[in-house]
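# The following block contains a protein sequence and its predicted model.
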Amino acid sequence: MTTPTTTVAANHRHWPADARGCYEVWYVTWNHPRTDQGYWLRFITENPLEGEPRAELWFARFDANRPARTFGIHRPFPASVLASHREPFEIAIAGSQLRHDGSTGRLAGDGHDVRWDLRWEPADHVLRQLPDVMYLRGGLGETTVCSPNPLVPLSGSLVIDGEEVTFDRVPAGQTHLYGRKHAYAWVWGRCADFLGAPHCALELLAVRLQRRGVTLPPMTLVTLELGSERFAFNQFRNVAINRSTWRTGYVHFTAWSPLAKIEGELACAPDRLINAPYVDPDGTEVWCANTEVGDARIELSVRSGLGWKTRTLEGPRRAHFETGGRTRDPAVARTHVRVT
């Protein structure tokens, strides 16, 4: 298979190694259909305004049926163990590697040992979640995000504490983001495994910015790929109409265009969430409450003559989403643990 150059380029490292006040993330999310487990794998570079640059590996397992088995660990490394290549693309941290078509590695700590050997067929297009203008000059916002592999078939194996699970072309997504600061508050959501709807992927992004001490209303952006159809509600013309609200373990959103509209919700119990601590390059602490085993439900309505034709899509235990902000969610007991 020939991988289009544009999808590989979307994974290239954005910041030079000697840049300051910036961060960069590559992450993969996917599920194990038989056990209803979900997974979150992240490769990170951090170049703070003060202090030494570093790299980080993150992993989390979410178990919808046995929440006590849910855990997350992350480990910082000195920048000296970080290597990156453009052609072929690769980010390597202490021997763990992320490529455009797969990842191998190991992470241990807090009583857990995780090893993975994953591969996927690269996508033939890049998903841009933000308005098109935001990608000019390499990205105009505080954070820029795109998915070089928005919906790909993942295969391979994962061994957690001696227990192996294998994957045979399960839906997965791989995203790349880079920036200088997280939004004041945000929601990210995704589901790529809807019942009876193969080749369907939902992406949701809602952000609240703060300017001169004033917190602005949420800017909500939604895309839905359904087979060969793409429904995009992610341009500035959509922002005035789109709406979203969120609380612990629940997100509701609506989006509209003249030819299509969507209403949806992502939900999970607090024991399916992990509080993840982030640190901005300027030292600001932020938190997100993340799950990879939530429930997704959307109603897609497409213009048909003078009316609408509506289809309901459900993805039980297949929704990946998080809510983030400046404070830790007190309703979520479990924390993503930093290990050394």
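Here it is on my side, so go on.
# Put the alpha carbons of stretch 198-208 into PDB.
Only the C-alpha atoms of stretch 198-208 are listed here, as PDB (Å, rounded to 0.1, in the frame of the first residue of the first chain):
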ATOM      1  CA  PRO A 198     -18.700   0.000   9.900                       C
ATOM      2  CA  HIS A 199     -16.400   2.800   8.700                       C
ATOM      3  CA  CYS A 200     -18.000   5.400  10.900                       C
ATOM      4  CA  ALA A 201     -16.100   7.800  13.000                       C
ATOM      5  CA  LEU A 202     -17.300  10.700  15.200                       C
ATOM      6  CA  GLU A 203     -14.900  13.500  16.400                       C
ATOM      7  CA  LEU A 204     -15.900  16.200  18.800                       C
ATOM      8  CA  LEU A 205     -13.900  19.100  20.100                       C
ATOM      9  CA  ALA A 206     -15.200  21.900  22.300                       C
ATOM     10  CA  VAL A 207     -13.000  24.500  23.900                       C
ATOM     11  CA  ARG A 208     -13.500  27.500  26.300                       C
END
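# quick one: that stretch to chain centroid distance?
Centre-to-centre, stretch 198-208 and its host chain are 10 Å apart (Cα atoms, centre = their mean, to the nearest Å).
# go on, stretch 298-308?
In this view, stretch 298-308 has its centroid 29 Å away from the chain centroid, taken as Cα atoms, centre = their mean.
# Same question for stretch 261-281.
The mean C-alpha position of stretch 261-281 is separated from the chain mean by 10 Å, Cα atoms, centre = their mean.
# ends of that stretch, how far apart?
38 Å (Cα to Cα, to the nearest Å).
# Going by neighbour count, list what's buried in it.
For stretch 261-281, a neighbour-count test (16 or more other Cβ atoms under 10 Å) marks 261-268, 270, 272-276, 278, 280-281 as buried. Backbone N, C-alpha and C define where each C-beta goes, glycine included.
# Can you pick out the ones from the residues you listed that are in strands?
Cross-referencing these against strands under DSSP state E gives Lys261, Ile262, Glu263, Gly264, Glu265, Leu266, Ala267, Ile274, Asn275, Ala276, Tyr278.
# for those, which one is nearest His32?
Nearest to His32 among those is Ile274, at 17.2 Å by Cβ to Cβ.
# what about the closest one, distance to Leu177?
To Leu177, Ile274 is 19 Å away according to Cβ to Cβ, to the nearest Å.
# next one: Val126
For Val126, the distance to Leu177 equals 13 Å [Cβ to Cβ].
# do the same with Glu163
Using Cβ to Cβ, Glu163 is found at 31 Å from Leu177.
# Comparing the two, which residue is more hemmed in?
Neighbours were counted for Glu163 and for Leu177 using other Cβ atoms under 10 Å; Leu177 has more, 19 against 8.
# For that one, give me its contacts.
Contact partners of Leu177, counting by Cβ atoms under 8 Å, 6 or more residues apart in numbering, are Glu24, Val25, Thr143, Thr144, Val145, Cys146.
# same check, this time on Gly294
Gly294 neighbours (Cβ under 8 Å, 6+ apart): Gly249, Leu266, Ala267, Cys268, Arg272, Arg317, Arg318, Ala319, His320, Phe321.
# how long is stretch 232-241 end to end?
This stretch, stretch 232-241, spans 13 Å end to end (Cα to Cα).
# List the buried residues of it.
For stretch 232-241, the buried set under the neighbour-count rule, 16+ other Cβ under 10 Å, comprises Ala232, Phe233, Asn234, Asn238, Val239.
# cool, stretch 116-125 as well?
Residues of stretch 116-125 classed as buried: Trp116, Leu118, Trp120, Pro122, Ala123, His125 (neighbour count, 16+ other Cβ under 10 Å).
# before we move on, the earlier item: just give me the closest of the contacts of Gly294 to Ser257.
Among those, and counting by Cβ to Cβ, the member closest to Ser257 is Leu266, at 20.9 Å.
# Could you give the bridge partners of the closest one?
Beta-bridge pairing for Leu266 (DSSP bridges): Val251, Ala296.
# Next: Phe71.
The partner residues for Phe71, given DSSP bridges, come to Arg61.
# and Val8, what element?
Element membership of Val8, judged by DSSP states H and E, is helix 5-9.
# Appreciated, that's everything.
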